[in-house]
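K.L.:
please work out how this folds:
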Amino acid sequence: MPARSNLVSPIGVGRVGALAVALGVGGVLASIPWTASADDSAATTSRSAQRPANGEVRTSAASRVTAGAASAPASPARTAPLRGAHGAGPRGAAPAGPPPQPVRFPPPRPLIPPSPPSPPPSPPAPTPVPPTPARPEITYRSIDGSGNNLTNPGLNAVGADFSRIGAAHFSDGISALRTDLPNARTVSNIVVAGNGDTPNAEGLSGMMYAWGQFIDHDINLTLSDGTTHIDVAVPSGDSVLSGSISMTRAVIDPATGVSGKPALTTNNVTGWLDGSMVYGSDATTAASLRGSDGRLLTSTGDNLPIVNGAFVAGDSRVQENPDLTALQTVFMREHNRQVDLLKAAHPDWTGDQLYNQARAIVTAEIEHITYSEFLPHLVGANAIAPYTGYKPTADARLTEEFAGAAFRLGHSIVSANLQKTDEQGNPVGPAVTLKDAFFQDTTAFQADGGADGLLRHLTNDPSNALDVHIVDDLRNFLFGPSAGLDLAAINLQRGRDLGLGTLNETRASLGLTPYTSFSQITSDPTTAADLQSVYGDVNKVELWVGGLAEDHLNGAMVGQTFDVIISQQFTNLRDGDRLWYQNQGFDAATLRSIESTTLSSVILKNTTIATMQDDAFVYYERRSGSSAIEDPTAPQLVVGSNGGDTLTGGTRADLLVAGTGLQTLTGAAGADTFIVGSSGVNAVITDFTVGQDRLRFTNLGQPGKTGVKITTQAGHVVITFAGNTVSLLGVAANKFKLSDVSFS
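P.N.:
Presented below is the predicted three-dimensional model:
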C-alpha cells in the first residue's frame, strides 16, 4: 500500500472533494485547500485592549450592552468603555480625601448671661457603604480556537487531532484499510438503495438536516491528501455507475500512522462550537469577511459577499447547497444587526470592539439554539444533562466515531426538494432538485425570494426519516448528474480509512451490549435481511449504516448507539469549553437575551418572513386559507389573505394568522394560536376555547394601561387593540381570561 500522506494536495481534488450536502461531510474530501497560520488571533483584537499570552481579548462587563434578542440599547448607566479605551471610569477615579472641616465663627457676645452649655449632640452614625463588587469580564475567543484550555492551548485548535472512543481498526494495526468488509458500493446498492423520501415519524422539519450541516461545518473539516487513492470499485452490472468512485485518504497527523501509533486524522477548522463557519478559522479569512466598522461584508440584497462569482463565508463549503447558504446568510445578517444595536448604544466604540462583542453574542446564540432546540429533538430532551459549569478536565476533542459516522446521520434525512415558497406556502420560482442545486450560482440563489424563500420551505417541509436509505440525489448523483458519485459508499469507505470499529465493536467500547442478531439491530425485517445478505455476520455491520438501521429511542430521532456517541460528544464539547457562553462573562441582561433567542426569532429579525412557528425544527404545513390540508397529521400554519379570508385549522395545535379585513378563523381541534400581526384586522374566531387556545398580537407593541379595550357584544367578548377588532364567538365575559392573550 502507498505510504500515508500528511500533506494536502496543492490543487483541487475534484468535486467529490467539495464535500456532500448534510452532516459530517467534512470527512469526505476537500476541493479547496484550507490553510491557517499557527497564531492567527491577533487580527480581531480590540485596538484598545491588550491580548494576554493565551491569545484572548478580555473586556470589562461594564462595556457590554444588552443586545441579542433585545431591540433597545441598555441605559448609559449600564455601560462603560472597554478597559483602557477611554479611561478607567469609576475604577480609576481619584480616591476621596478626609471630609472637609466646617468653618467655625466665634459666637456673638450675649446680652443675657447664658445658661450652662448643654453637651453637643452625638453625630449621626455613618451609613455603611457596601463594597463595589468585582466586575465580571467577558473573554473573547481566538479565531483559530487556540488558548481555550489553559493547560492544553492547542485543544480543538485548527490542526488538532481527533480522538477515538475505541481502538483503531486497521488491517495492520497502523493505517491499512481492513479487508474483511464487503464492497462499499455493494452495501449501498443492497441496503441503502430504496425509498429515501419517506417523511420522518417524529414530526420534525427540514431544518434538522440544514442546521446539522451548519454546525458540522463549524466543528469539523477533514482534508484529503489528494494522492493516496482508496477508490471504490463499482460492481459489474451496476444500473447507474461504472468504473470506480474516486477517493483519496484523509490527511493524518504526521506523528501517527507509524508502529505503536495508529493513524489519526486532523481537524482543519476549529473544533469548538464557536461560529467559525460564519467568521472563519484563520486570521486571513476572518479579516477578509469584515469591514473596519465591525460589520460583516455583504453583496447586493443583503447577501453574502461574492468573490470570483461565488459566495464566501467563514467556511469554504458555504455554497455546497442553497439551504446551507441560506443559513450562512441569515447569521451574517444577525451579526450586522447586533453591530447596529451595539453601535447605537456605544457610538464611541471602535470597529474591533463592535465586531468582537457581536461575534461573541452570535456565537452564543448558535450554541444556545443547538443545545436548547436542535439536540433535544435529535437525541431526546434528557440525553444531555443541564450545564453545571466549566470542567477543565473534560475531554472536548472530537472523536473519529462522531465525525466519521454518527454525525453523518443527516445524509439520511436530507430532502431532494429545494423549492422556495412565499408567506402562504405557495411555490415561488422553478422547482429545483438537490442534484441540480449543488454549488448553485449566486444569481439563481438570490432569485425568487433568495434565502427567505428557502428558509420558509425548510421549516414547512418535513425532513426524511432517519433510516438506512438516502435520496438518489446523494446516492447516485452527488455533486450533480455528471459527477456520478455515491455518498453512502463514500461514507463507508471513509469509515474504513479512519479505522472505525464496526457497530458492535463500537458498542463494546461504549459499554453497550453488542447485538447477537440482525433483528436486534432493527425491527424492520427488510433492513435486517438486507444487512444479513451483504454482511453475513452481525459483527461485521459497519458503524454508519448500522447506526442508521437501529430502532429509534423514545423521544429521539436516532437509535441507541448514535444517541450515546452524539450525547457524549456534545456534553464534553460544552463542559470542556472554558469560553462556553454561560461561562464566558456576559452580563445578566445580555445572557437573558441570548437565552431567549430561538432559531425562529433570529430568522424573523433578519428576513422578510412575517410569521413562523416558535420552534423552527418542528414541521408545520404552511398554506393559505383557501388551500386544502395536504397532511392532516401535521400542525397547520394557515396565513390569511388581505381583504378577507376564511381560515380553518386541523387536528393539531395550529397557527392561524389573520390578514387584513374581515377574517373568519376556526381552529378546529387542538390547542390553537390565533395571530394578529398588522392593523386593520376584523377577525371573528368561531371556536375559541378559554384556557386552551391563545390570541397573540405581534409586532404591534405593548398595550400599556389603556391600550386594550374589552367589551361584550351579543353575548361574546370583543377585544380591540392597535386598530384591530377580534370577536370570540361563544365566549362570555365571565369566562374570558386575559391570560389567554399575549403581546409580542
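K.L.:
which residues touch the residue lying closest to Ile215 once chain neighbours are set aside?
P.N.:
Computed as CB to CB, 6 or more residues apart in numbering, the closest residue to Ile215 that is not its neighbour in sequence is Thr370, at 5.7 Å. Placement of C-beta: from N, CA and C, glycine included. With contact set as CB atoms under 8 Å, 6 or more residues apart in numbering, Thr370 has these partners: 211, 215, 273, 570.
K.L.:
secondary structure element holding Ser523?
P.N.:
Assigned by DSSP states H and E, Ser523 falls within no helix or strand.
K.L.:
repeat for Lys605
P.N.:
Residue-wise, Lys605 maps onto helix 599-606 under DSSP H and E.
K.L.:
what lies in contact with that helix?
P.N.:
69, 207, 211, 330-331, 333-334, 337, 365, 369, 373, 455, 459, 609-610, 612-617.
K.L.:
quick check on the residue nearest to Ile215: phi, psi?
P.N.:
Main-chain torsions, Thr370, degrees, to the nearest 10: phi -60, psi -40.
K.L.:
one more: Thr571?
P.N.:
According to degrees, to the nearest 10, Thr571 has phi -60, psi -50.
K.L.:
where's it relative to Gly650, distance?
P.N.:
38 Å (CB to CB, to the nearest Å).
K.L.:
so where does Ala263 fall, helix or strand?
P.N.:
Going by DSSP H and E, Ala263 is not in any helix or strand.
K.L.:
now the strands for the stretch 101-250 of the chain?
P.N.:
137-140, 224-229, 232-233, 244-245, 248-250 (DSSP state E, counting those that start in this stretch).
K.L.:
cool, the stretch 501-650 of the chain as well?
P.N.:
621-624, 636-639, 645-648.
K.L.:
tabulate those (a markdown table), appending mean neighbour count.
P.N.:
Shown next, in a markdown table, are the strands of the stretch 501-650 of the chain (neighbours: other CB atoms under 10 Å):
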| stretch | mean neighbour count |
| --- | --- |
| strand 621-624 | 22 |
| strand 636-639 | 27 |
| strand 645-648 | 21 |
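K.L.:
how about the nearest residue to Gly166, chain neighbours excluded?
P.N.:
Ser509 (3.1 Å).
K.L.:
count of neighbours near that neighbour?
P.N.:
14 (other CB atoms under 10 Å).
K.L.:
my read is that it contacts Ile165, right?
P.N.:
Yes - using CB atoms under 8 Å, Ser509 is in contact with Ile165, at 5.1 Å.
K.L.:
overlap in contacts of these two?
P.N.:
With CB under 8 Å, 6+ apart, Ser509 and Ile165 have no common neighbours.
K.L.:
selection in ChimeraX covering whichever of the contacts of helix 599-606 are buried, please.
P.N.:
Those of those that count as buried under 16 or more other CB atoms under 10 Å are selected in ChimeraX with:
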select :69,207,211,330,331,333,334,337,365,369,373,455,459,609,612,613,615,616,617
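K.L.:
in helices only, show me the contacts of helix 599-606.
P.N.:
Among these, DSSP state H puts 207, 211, 330-331, 333-334, 337, 365, 369, 455, 459 in helices.
K.L.:
Asp225: which of those is nearest?
P.N.:
Nearest to Asp225 out of the ones in helices among the contacts of helix 599-606 is Trp211 (CB to CB; 30.3 Å).
K.L.:
which one is that closest one nearest to, not counting chain neighbours?
P.N.:
For Trp211, the spatially nearest residue (CB to CB, 6+ apart) is Phe374, at 5.3 Å.
K.L.:
ok, that neighbour - contacts?
P.N.:
Here Phe374 is in contact with 208, 211-212, 215, 617 (CB under 8 Å, 6+ apart).
K.L.:
which one of those residues is nearest Thr526?
P.N.:
So of those, ranked by how close each gets to Thr526 (CB to CB), first place is Met208, at 24.3 Å.
K.L.:
touching, the closest one and Leu375? I think so.
P.N.:
No - assessed by CB under 8 Å, Met208 is found out of contact with Leu375, at 10.7 Å.
K.L.:
on that earlier part again, quick one: which of the strands of the stretch 501-650 of the chain is nearest Val684?
P.N.:
It is, among these and with distance given as CB to CB, strand 645-648, at 9.8 Å.
K.L.:
mean confidence score for whichever helix or strand comes after the closest one?
P.N.:
Under the assignment DSSP H and E, the closest C-terminal helix or strand after strand 645-648 is strand 655-658. For strand 655-658, mean pLDDT rounds to 98.
K.L.:
which strands border strand 655-658, and is each parallel or antiparallel?
P.N.:
Strand 655-658 has the following sheet partners, assigned by DSSP bridges: strand 636-639 (parallel), strand 673-676 (parallel).
K.L.:
quick one, which of the ones you listed is nearest to Val690?
P.N.:
So among the strands paired with strand 655-658, strand 673-676 is nearest, using CB to CB, at 12.9 Å.
K.L.:
show me which residues of the next helix or strand after the closest one are buried.
P.N.:
Once strand 673-676 ends, the next helix or strand along the chain (criterion: DSSP H and E) is strand 681-685. Across strand 681-685, burial judged by 16+ other CB under 10 Å covers 681, 683-685.
K.L.:
got these as JSON lines, with distance to Asp672 and pLDDT columns?
P.N.:
Formatted as JSON lines, the buried residues of strand 681-685 follow (distance: CB to CB, whole Å; pLDDT from 0 to 100):
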{"residue": "Val681", "distance to Asp672": "17", "pLDDT": "97"}
{"residue": "Ala683", "distance to Asp672": "13", "pLDDT": "98"}
{"residue": "Val684", "distance to Asp672": "14", "pLDDT": "98"}
{"residue": "Ile685", "distance to Asp672": "9", "pLDDT": "98"}
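K.L.:
which among these gets closest to Ile306?
P.N.:
Val681 (40.5 Å).
K.L.:
who's in contact with the closest residue to the closest one other than its chain neighbours?
P.N.:
Nearest residue to Val681, sequence neighbours excluded (CB to CB, 6+ apart): Asn724, at 4.3 Å. The contact partners of Asn724, taken as CB under 8 Å, 6+ apart, are 676, 679-683, 697, 700.
K.L.:
okay, and the beta partners of Asn724?
P.N.:
Bridge pairing for Asn724 - DSSP bridges - gives Phe721.
K.L.:
check Gly14 and give its pLDDT.
P.N.:
pLDDT, Gly14: 34.
K.L.:
make that Met208, sorry
P.N.:
So Met208 comes in at 98 (pLDDT).
K.L.:
quick one, phi psi at Lys343?
P.N.:
Residue torsions, per degrees, to the nearest 10, at Lys343 are phi -60, psi -40.
K.L.:
give me the number of residues near Ile521?
P.N.:
24.
K.L.:
keeping just the C-alphas, turn stretch 464-471 into PDB.
P.N.:
Below are the C-alpha coordinates for stretch 464-471, written out as PDB (Å, rounded to 0.1, in the frame of the first residue of the first chain):
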ATOM      1  CA  ASN A 464     -37.000  12.500   5.600                       C
ATOM      2  CA  ALA A 465     -37.000   9.500   8.000                       C
ATOM      3  CA  LEU A 466     -33.700   8.700   9.700                       C
ATOM      4  CA  ASP A 467     -33.100   5.200   8.400                       C
ATOM      5  CA  VAL A 468     -30.600   3.300   6.100                       C
ATOM      6  CA  HIS A 469     -32.000   5.000   3.000                       C
ATOM      7  CA  ILE A 470     -30.900   8.200   1.300                       C
ATOM      8  CA  VAL A 471     -32.200  10.100  -1.700                       C
END
